[in-house]
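Asker: Predicted model, plus sequence, below.
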Amino acid sequence: MKETVESLGRDCPMLMVGFNRRFAPALDRVRGFFSDVGARTVSFRFAPGAIPANAWPQDEDIGGGRIVGEACRHRRLRGPAGQRPGEGLRGVRRREPRAGDHRRPGVHHHPPRQRGACPTCRTRRAATARAPVERIEVFGGGRTAVIDEWDDVSLWKGERRTDEKAHKDRGHAAGFKAFVEAVRQGGPWPISWEETYGTARATLMAVRSLREGLPVTLDGDGE
């Protein structure tokens, strides 16, 4: 796909992967809140419940495993900090089973600092069904923002706190709308090829890093 897209250049048909969360209203609100702030720290925690070992997301040939099939969407969440998909990654090994093992307690992804941003993505099994499955925390410039479950948005600036509701909108409809409008009207792709490829490649390299216990570059070579 990379060779085809690059060889066709401007004549390449539009390609879009369903990284829907980047279109979520809650994320748009946080982007706006930090629009005039430089260095930021972003922490993303994804803690879904355990699923059976024979469930389709665990099948690496069908669902890709939970890192490839689920964590890829969160690696795409570069918006709050403005960083690109990580060019160097470390998957922290917690135990020996393969990357798709449903018993694995968790994996931390640490892309390198970029333009003052320090992103962290933690994918782990939820300790309790009542805890938030997804939480994003953004810090910088004397401000803090927290998104819980794509519903509750809390914004702190100095001593002032603002709470908003995003109604659990994970950006599916907005993503489809952006794609259809781009096809009809032309113009840039809703998600650039650079970002689409970088996110997919970074996710695959995170799995490799986890298996080998070593950092790897986006090109797949050891550091």
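Answerer: Cool, the structure landed. Quantities reported herein were computed from a predicted structural model and do not represent experimental measurements.

Asker: And the helices in the chain?
Answerer: 2-8, 25-33, 65-66, 72-75, 172-185, 193-212 (DSSP state H).

Asker: mind giving me CSV with these and columns for mean pLDDT and mean neighbour count?
Answerer: Glycine gets a C-beta too; all of them are placed from N, C-alpha and C. Shown next, in CSV, are the helices of the chain (pLDDT from 0 to 100; neighbours: other CB atoms under 10 Å):
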stretch, mean pLDDT, mean neighbour count
helix 2-8, 94, 10
helix 25-33, 94, 19
helix 65-66, 80, 22
helix 72-75, 63, 21
helix 172-185, 96, 14
helix 193-212, 86, 20
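
Asker: who touches the residue sitting furthest away from the middle of the chain in this structure?
Answerer: Taking CA atoms, centre = their mean, the residue of the chain most remote from its mean C-alpha position is Glu159, at 29.8 Å. By CB atoms under 8 Å, 6 or more residues apart in numbering, the contact list for Glu159 is empty.

Asker: Identify the residues contacting Met1.
Answerer: Here Met1 is in contact with Leu15 (CB under 8 Å, 6+ apart).

Asker: what about this structure, any weak spots by pLDDT?
Answerer: Low-confidence segments of the chain, defined by pLDDT under 70: 39, 73-130, 217-223.

Asker: can you map out the strands along it?
Answerer: Listed in chain order, the strands of the chain (DSSP state E) span 41-46, 88-89, 106-109, 118-124, 134-140, 143-148, 152-157, 160-165, 216-217.

Asker: Show me which residues of stretch 57-64 are buried.
Answerer: Pro57, Gln58, Gly63, Gly64 (16 or more other CB atoms under 10 Å).

Asker: And stretch 131-145, by the same measure?
Answerer: Pro132, Glu134, Arg135, Ile136, Glu137, Val138, Phe139, Gly140, Arg143, Thr144, Ala145.

Asker: Hmm, Lys157 and the last one touching each other?
Answerer: No: with contacts counted by CB atoms under 8 Å, Ala145 stays clear of Lys157, the gap being 9.4 Å.

Asker: Now stretch 174-189 - C-alpha only, PDB.
Answerer: Taking Å, rounded to 0.1, in the frame of the first residue of the first chain, the C-alpha atoms of stretch 174-189 are listed here in PDB:
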ATOM      1  CA  ALA A 174     -17.900  13.000  12.300                       C
ATOM      2  CA  GLY A 175     -15.300  10.700  10.800                       C
ATOM      3  CA  PHE A 176     -17.700   9.300   8.100                       C
ATOM      4  CA  LYS A 177     -18.800  12.900   7.400                       C
ATOM      5  CA  ALA A 178     -15.300  14.100   6.900                       C
ATOM      6  CA  PHE A 179     -14.500  11.300   4.500                       C
ATOM      7  CA  VAL A 180     -17.700  11.800   2.400                       C
ATOM      8  CA  GLU A 181     -17.100  15.500   2.200                       C
ATOM      9  CA  ALA A 182     -13.500  15.000   1.200                       C
ATOM     10  CA  VAL A 183     -14.500  12.600  -1.600                       C
ATOM     11  CA  ARG A 184     -17.300  14.900  -2.900                       C
ATOM     12  CA  GLN A 185     -15.400  18.200  -2.600                       C
ATOM     13  CA  GLY A 186     -11.800  17.100  -3.000                       C
ATOM     14  CA  GLY A 187      -9.000  18.600  -1.000                       C
ATOM     15  CA  PRO A 188      -6.700  17.000   1.600                       C
ATOM     16  CA  TRP A 189      -7.400  13.600   3.100                       C
END
